[in-house]
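S.K.: predicted structure and sequence below. I'll ask about it afterward.
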Amino acid sequence: MKFRDWAARVMLIFLMIATLILALFIGSSRKQPNNISTSNPDPTLWNQYPQALFQSAQKTEEAQPAVPKLSKLPNLLKLPKSPQSPAKINQVITRYSTTAAFAKYKPSLASATINPSNYGERYPKDVNGVIVNNQPIIVLHETTNSASSAVNFFQTNNVDEDVQASYHVLIALDGMVIYLVPPDKRAFGAGNSVFNGANGVETVQTNPNLPPSVNNFAYHVSLETPADAWGKRNIKEHSGYTEAQYNSLAWLIAQSQVPDDRITTHRAVDVAAGKVDPLSFDFDKFFNKLHTFRELKNFRTAKN
């Protein structure tokens, strides 16, 4: 055998072995470590209420940045660098953090697909082209009948704009959290409505044919009404909500950065004075549970 042929064969064998070793190395590096596991196989359930969605109350030693759009809120701990001075500036940011009690509570989770006619997009401008930049609020409701009845209605194609309705989340009597409309979408939870808070009267008109409402910056959460009130109208009270409902409601809202004073009710925001829900709601019990599930903490950061 000629030396040239022998050398060519040796080189070919060497290249084959090197290729095999490289393939084995790449394959092993792509394997997921055994210590990583998924706590919930359906991430859509847990991600319906992202913690970064809602703006927290902020306290900084320099001017605060403008409130960003609902669907594009940044991580509030990552503030932009100041272009004016290379010196480090200490900043204090106040954020809600969940507690050990929150971590121990595990409600049942479910989701339902809502007909697109019953919800829409959040608008960056009102009907007059004015940019809107309201901080989010949470509006509490209750159903007029069972939870399944409400879901069935939301799954109906309602072409009449005066009939279209939905919530972002529904909490059943047993405490089950039912996700309905994604938080970055506009649920039709309140008609003619305004929120009167520390910033004054807030409302946004997004449809020239309908009165203004809080829907563009509201997150609507409803409690299933107790069975003794199903289908009844013009009542002033009922047997109230279950302990599981209060726990799940507090658990849900504890994940947001919405302050206590921007948590309101359908009764409070309704302009026509025809809505009275949620009836028999115990605010003391709710806020006591909410404060055990979340607490305000100060985070100090140093920026160049």
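M.R.: Sure, I can see it. These numbers come from a predicted model, not from an experiment. Numbers count the residues shown, from 1 in each chain.
S.K.: only C-alpha atoms from now on, for both contacts and neighbour counts.
M.R.: OK.
S.K.: quick one: the helices in the stretch 101-250 of the chain?
M.R.: For the stretch 101-250 of the chain, the helices defined by DSSP state H, counting those that start in this stretch occupy 147-154, 243-254.
S.K.: point out the other helices and strands that the first one packs with.
M.R.: With contacts defined as 3 or more C-alpha pairs under 8 Å, 6 or more residues apart in numbering; DSSP states H and E, helix 147-154 has no helix or strand neighbours.
S.K.: ok, and what's touching that helix?
M.R.: 112, 114-115, 118, 143-144, 164-166, 170-172, 224-225 (C-alpha atoms under 8 Å, 6 or more residues apart in numbering).
S.K.: need those in a markdown table with distance to Leu180, can you?
M.R.: What follows is the contacts of helix 147-154, written out as a markdown table (distance: C-alpha to C-alpha, whole Å):
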| residue | distance to Leu180 |
| --- | --- |
| Ala112 | 5 |
| Ile114 | 6 |
| Asn115 | 10 |
| Asn118 | 11 |
| Thr143 | 14 |
| Thr144 | 17 |
| Gln164 | 14 |
| Ala165 | 12 |
| Ser166 | 8 |
| Leu170 | 7 |
| Ile171 | 11 |
| Ala172 | 13 |
| Glu224 | 14 |
| Thr225 | 17 |
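S.K.: looking at the helices of the stretch 101-250 of the chain, which is closest to Val194?
M.R.: Val194 lies closest to helix 243-254 among the helices of the stretch 101-250 of the chain, at 20.9 Å (C-alpha to C-alpha).
S.K.: so which bits of the next helix or strand after that closest one are buried?
M.R.: Using DSSP states H and E, the helix or strand that follows helix 243-254 towards the C-terminus is strand 263-265. Buried residues in strand 263-265, defined by neighbour count with 16 or more other C-alpha atoms under 10 Å: Thr264, Thr265.
S.K.: contacts for strand 263-265 next, please.
M.R.: Ile137, Ile138, Val139, Leu140, His141, Asp277, Pro278.
S.K.: go ahead and confirm the fifth one touches Val221.
M.R.: It stands for His141. Yes: His141 lies in contact with Val221 (C-alpha atoms under 8 Å); the separation is 6.1 Å.
S.K.: for the chain, which segments count as strands?
M.R.: Applying DSSP state E to the chain gives strands spanning 89-98, 109-111, 119-121, 137-142, 169-171, 177-179, 185-187, 195-197, 200-202, 218-223, 263-265, 294-303.
S.K.: Ala254 is nearest to which of those?
M.R.: Closest among the strands of the chain, using C-alpha to C-alpha: strand 294-303, at 5.4 Å.
S.K.: average pLDDT across the closest one?
M.R.: In this model, strand 294-303 has a mean pLDDT of 84.
S.K.: could you say what helices and strands it packs with?
M.R.: strand 89-98.
S.K.: let's see that with 10 Å instead.
M.R.: Helices and strands touching strand 294-303, by 3 or more C-alpha pairs under 10 Å, 6 or more residues apart in numbering; DSSP states H and E, are strand 89-98, helix 100-104, helix 243-254.
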